[in-house]
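[1] build me a model:
(chains A and B)
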Number of protein chains: 2
Amino acid sequence: MPAAGDKRYLVLAEEHSADPHYGKTAHGIIRYGLTPVVAILDSTRAGEVQDGLPVLGSVNEALCFNPTTAVGLHQFLSDDPELADLAQRHGVELRDLRRPPGDLNVPTGANLQVPARIVLMVGSDCAIGKMTVALELDRAARARGVASVFVPTGQTGMAIAGWGIAVDAVVSDFVAGAAERLVVEGAERGGDLLFVEGQGAITHPAYSGVTLGLVHGSAPHAFVLCHQAGSTEHEGFPGHPLTALSELVDLHERISLRARPAKVAAVAVNTRFLDDDEARAAISDAAAETGLIADDPVRFGADRLLDAVLEHLPSGLSL
Amino acid sequence: MPAAGDKRYLVLAEEHSADPHYGKTAHGIIRYGLTPVVAILDSTRAGEVQDGLPVLGSVNEALCFNPTTAVGLHQFLSDDPELADLAQRHGVELRDLRRPPGDLNVPTGANLQVPARIVLMVGSDCAIGKMTVALELDRAARARGVASVFVPTGQTGMAIAGWGIAVDAVVSDFVAGAAERLVVEGAERGGDLLFVEGQGAITHPAYSGVTLGLVHGSAPHAFVLCHQAGSTEHEGFPGHPLTALSELVDLHERISLRARPAKVAAVAVNTRFLDDDEARAAISDAAAETGLIADDPVRFGADRLLDAVLEHLPSGLSL
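    Numbering: from 1, shown residues only, chains lettered A, B, ... in the order given. Just a heads-up that it's a prediction; the model follows:
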C-alpha cells in the first residue's frame, strides 16, 4: 500500500458523476478530500471535464493517470469471491467503507467524558448537504487556528477524511455506541472542537432511527440544523411532508440527552437551486422563523454560522 | 419437525430463570406462549418449581419430559459449525430468532395502507414490561371478540407468537422497513387491531434509534405509554434520568409520522414492586400527570386501558 500522502484516487462514478444526489460520494471526495483525485470514471460522460478533472470511459484509460486507489462503489467488494481472489493474488487491499467494525456495543458513557466540544449536524431531510456544512464549518474553524476535526459518520465522509464508521450500516442496537466511538476518536485525533457529520432526520419516515442513535450517542453540546430551501416533502417519500424548522429546533432540543441538553446554535440553508436574491430571502426567512443565525456556508462562507456555534458552546475550553 | 400444535418447549434459562430482567424470555414464553412448556433448565435452581413447571439440572433429565423444541438462548446457533453439523446429521432445525431476514429495505408506504388499526407500545425505559402490556391488551381484545393480533418485534415476543423480527438486530437503515413489514404481516394474519411490541425508549441513551425506527415504520394510530412506577433513571445507565411522563406524551405525539399523527391513548404502569395501595397511588399519579387513563394491566386487568385505546382509534373499522 502507498503511504497516505502518496495516494491518488480514481473516482468510480459510472452513470452517476453528474447526478448531485447519487453522485454525492464523488462530489464530496473531489471537493473536500485530503487525497488528490486524478480522474473520474463515467463512460456516459467520457471526454468531459468536471471540477478540472478528466472524465474517462474505461479503467484502462484511467490507468494512464497512475491512480493508486479506486473509490466510489456502494457494494461490499470483499464479499465477491472473484474480486477477493484477484485482490489477494495482486496484493491489492479491498476496503469496504460501509462494513462496520465487528466489536461495536452500546455506549459506555465515554461520550460524556470526551475532552472536546461536540457539534452535530441535524436536518429537515436526508441528502440536503449536512456533510458539506460540517466540512465547511471544520475548514473555517481550522482557518481560525482552532483544533477542529470533522467526524465522518457515512461512506462519503469516510472517503474524504480517511476514517469513520458508516452508522447506517451498523446494527440498530449499536448505532449510539458507534457514534460514541467516533467522538472519542475525534478527540484522540486532536480535536478540541468536533463537527460530526449528520445522517437522515429525526422526522424521516425511513431513516429516523439512524439519526436519533447519532443524536444520543455523539452527545453533542450543540446542533446545527440543516435545510434545503424550498423543500416541503421528504425526498423520495411522497406524502411525507417536512416538519417546520421552528418545530424541528424545539424537537431536537427536547429529545437531546437529558444528561447533556443541547441547543440548536444556527440554521444552515442549502440555496443551490436559487439565485442570489432568492438565496438571501430564504436565509432571512429561516432566521425569522427560528430566531437563530442562518446562512448558506457554501454560497456565503461559514463564518457567521461558526460564530453562532462558538457562542452556543459551553465555556471553559480555549478555542 | 413436529406440527405447531404438537410442539412442547424446554426453556433454556441456565442461571437466569429467577431473574425478572434477564429471564424475561423464559417468563414471557411460560406466561403468554401458545406452545406448552414442559420444563425449565437451570441447574442453579434444580428441583424447584416455577409457574407449575419443574426446574431441572440437565438436558438428560429434561428429555424425560419429551420436549420437541428448546428455546431461550441469545447466541446465533447456526454460526457454530459443530452445532450446525450436529443439527444437519440429526435432522434438527436451528432457528436463530434474532437473525433478521436478508431482504429488508426501507419502508415502501405499505404501512399507511394496512387495513387495520395499529397501536404501538412505547415507554420511559427498556425492560419495563412493554411486551407484557401488548400481550395483555391483545388478550383482552380477543376476549371481547375483536380480531386482535400481537405483533412481535423482539426475540421473546417471537418465541411467544411464533413469528416476527428482532428489530434491534436489523441494520439501522432498515429498522423502519422491518417494522412496516411486521404490521403488514399482522394484518395478513387476520388482525383488524394490531398491538405492536415496543422496544427501548425514544429518550434512551443507547437504544433510542431502534425505538424511533419502530415508531415511524409501524405507523401506529395510537400509542400506549409504559412506565415502571418509581423508576427515575434509565436502568443500567447511571446518570441518565428518565424523562417525565407528561413530556414523553408530548414528544411521542409530536415526533409521530406527519402523514399519520398519533396520540398517546393511555398509560400502562408497572407496579410489581409495590403493594396494592402503593400501586393505586402510582396509577393515580400517572393519570393526574398526563390527563390520561392509567392502569396496571397485569395487576388490575387490561380492560380500562383497552377502552381508552379503542376510544382513541379512528372510527370506520368495526372492532
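
[2] give me the secondary structure label for A:Gly230.
    Three-state call for A:Gly230 (DSSP: H, G, I helix; E, B strand; the rest coil): coil.

[3] surely it and A:Leu274 touch.
    Yes. Between A:Gly230 and A:Leu274 there is a contact under CB atoms under 8 Å: 7.3 Å. From N, CA and C alone the C-beta is placed, and that goes for glycine too.

[4] tell me the helix or strand right after the helix or strand harbouring A:Glu136.
    For A:Glu136, the host element (DSSP states H and E) is helix A:130-143. Proceeding C-terminally, helix A:130-143 gives way to strand A:148-151 as the next helix or strand, assigned by DSSP H and E.

[5] just the CA trace of whichever helix or strand comes after that following strand, in PDB.
    Scanning forward in sequence from strand A:148-151 by DSSP H and E, the next helix or strand is helix A:155-161. The C-alpha coordinates for helix A:155-161 follow below in PDB (Å, rounded to 0.1, in the frame of the first residue of the first chain):
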ATOM      1  CA  GLN A 155     -19.200   6.500   3.500                       C
ATOM      2  CA  THR A 156     -18.500   9.800   1.700                       C
ATOM      3  CA  GLY A 157     -17.300  11.500   4.800                       C
ATOM      4  CA  MET A 158     -15.100   8.400   5.400                       C
ATOM      5  CA  ALA A 159     -13.600   8.500   1.900                       C
ATOM      6  CA  ILE A 160     -12.900  12.200   2.400                       C
ATOM      7  CA  ALA A 161     -11.400  12.000   5.900                       C
END
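
[6] ok now helix A:155-161, how far from the chain's centre?
    8 Å (CA atoms, centre = their mean, to the nearest Å).

[7] what angle separates the following helix or strand past it from helix B:175-188?
    Proceeding N to C from helix A:155-161, the next assigned helix or strand is helix A:175-188, under DSSP H and E. Between the axes of helix A:175-188 and helix B:175-188, defined by axes from the mean of the first three to the mean of the last three CA atoms, to 10 degrees, the angle is 180 degrees.

[8] check which helices and strands helix A:175-188 sits against.
    Helices and strands touching helix A:175-188, as assessed by 3 or more CB pairs under 8 Å, 6 or more residues apart in numbering or on different chains; DSSP states H and E, comprise strand A:148-151, strand A:193-196, helix A:208-218, helix B:208-218.

[9] now render the ones you listed as TSV, adding mean neighbour count and mean pLDDT.
    Listed next are these as TSV, based on neighbours: other CB atoms under 10 Å in any protein chain shown; pLDDT from 0 to 100:
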stretch	mean neighbour count	mean pLDDT
strand A:148-151	26	98
strand A:193-196	28	98
helix A:208-218	31	98
helix B:208-218	31	98
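
[10] looking at the ones you listed, which is closest to B:Glu14?
    Within the helices and strands packed on helix A:175-188, the stretch nearest B:Glu14 is helix B:208-218; the backing value is 26.8 Å (CB to CB).

[11] and the residue of the stretch 51-200 of chain A closest to chain B?
    Across the stretch 51-200 of chain A, the shortest distance to chain B (CB to the nearest CB) belongs to A:Val106, at 3.9 Å.

[12] now do the contacts for A:Gly200.
    Applying CB atoms under 8 Å, 6 or more residues apart in numbering or on different chains, we find A:Gly200 in contact with A:123, A:126, A:168, A:206-208, A:210-211.

[13] among those residues, which ones lie close to chain B?
    Subset of those in contact with chain B: A:168, A:206-208, A:210-211, counting by CB under 8 Å from any CB of the partner chain.

[14] Throw those residues into TSV and include distance to B:Pro54, thanks.
    Converted to TSV, those look like this (distance: CB to CB, whole Å):
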residue	distance to B:Pro54
A:Asp168	47
A:Ala206	47
A:Tyr207	48
A:Ser208	46
A:Val210	46
A:Thr211	48
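
[15] farthest pair within the residues you listed?
    The widest separation within the ones next to chain B among the contacts of A:Gly200 (CB to CB) is 11.5 Å, between A:Asp168 and A:Ser208.

[16] surely A:Val269 touches A:Ile283?
    Yes. Contact between A:Val269 and A:Ile283 holds when scored by CB under 8 Å: they sit 5.0 Å apart.

[17] the stretch 51-200 of chain A against chain B: which residues are in contact?
    Applying CB under 8 Å from any CB, one finds that the stretch 51-200 of chain A approaches chain B through A:106-107, A:109, A:112, A:167-173, A:175-177.

[18] do you know how far A:Asp85 is from B:Phe174?
    Counting by CB to CB, to the nearest Å, the gap from A:Asp85 to B:Phe174 is 30 Å.

[19] correction: the previous question concerned A:Val55.
    Distance from A:Val55 to B:Phe174, by CB to CB: 34 Å.

[20] strands of chain A, residue ranges please.
    Here chain A has its strands, by DSSP state E, at A:9-12, A:37-41, A:49-50, A:53-56, A:69-71, A:117-123, A:148-151, A:193-196, A:222-228, A:263-270, A:293-295.

[21] in TSV: those strands, plus distance to B:Val71.
    Shown next, in TSV, are the strands of chain A (distance: least, CB to CB, whole Å):
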stretch	distance to B:Val71
strand A:9-12	47
strand A:37-41	51
strand A:49-50	57
strand A:53-56	57
strand A:69-71	46
strand A:117-123	41
strand A:148-151	42
strand A:193-196	41
strand A:222-228	44
strand A:263-270	47
strand A:293-295	55
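
[22] so which of these comes closest to B:Val146?
    B:Val146 lies closest to strand A:117-123 among those, at 40.4 Å (CB to CB).

[23] note down every partner strand of the closest one and its orientation.
    strand A:193-196 (parallel), strand A:222-228 (parallel) (DSSP bridges).

[24] the last one - what's its average pLDDT?
    Averaging pLDDT along strand A:222-228 gives 98.

[25] same question, stretch A:278-288
    Mean per-residue pLDDT for stretch A:278-288: 98.

[26] likewise stretch A:126-145?
    Mean predicted lDDT for stretch A:126-145 stands at 97.

[27] low-confidence ranges, the stretch 1-150 of chain A, go.
    Applying pLDDT under 70 to the stretch 1-150 of chain A picks out residues A:1-5, A:20-22, A:73-76.

[28] how does it look with 90?
    Counting by pLDDT under 90, the stretch 1-150 of chain A has low-confidence residues at A:1-7, A:11-35, A:50-52, A:59, A:69-88, A:91-98.

[29] one step back: joint contacts of A:Val269 and A:Ile283?
    Listed as contacting both A:Val269 and A:Ile283 by CB under 8 Å, 6+ apart are A:229, A:294-296.
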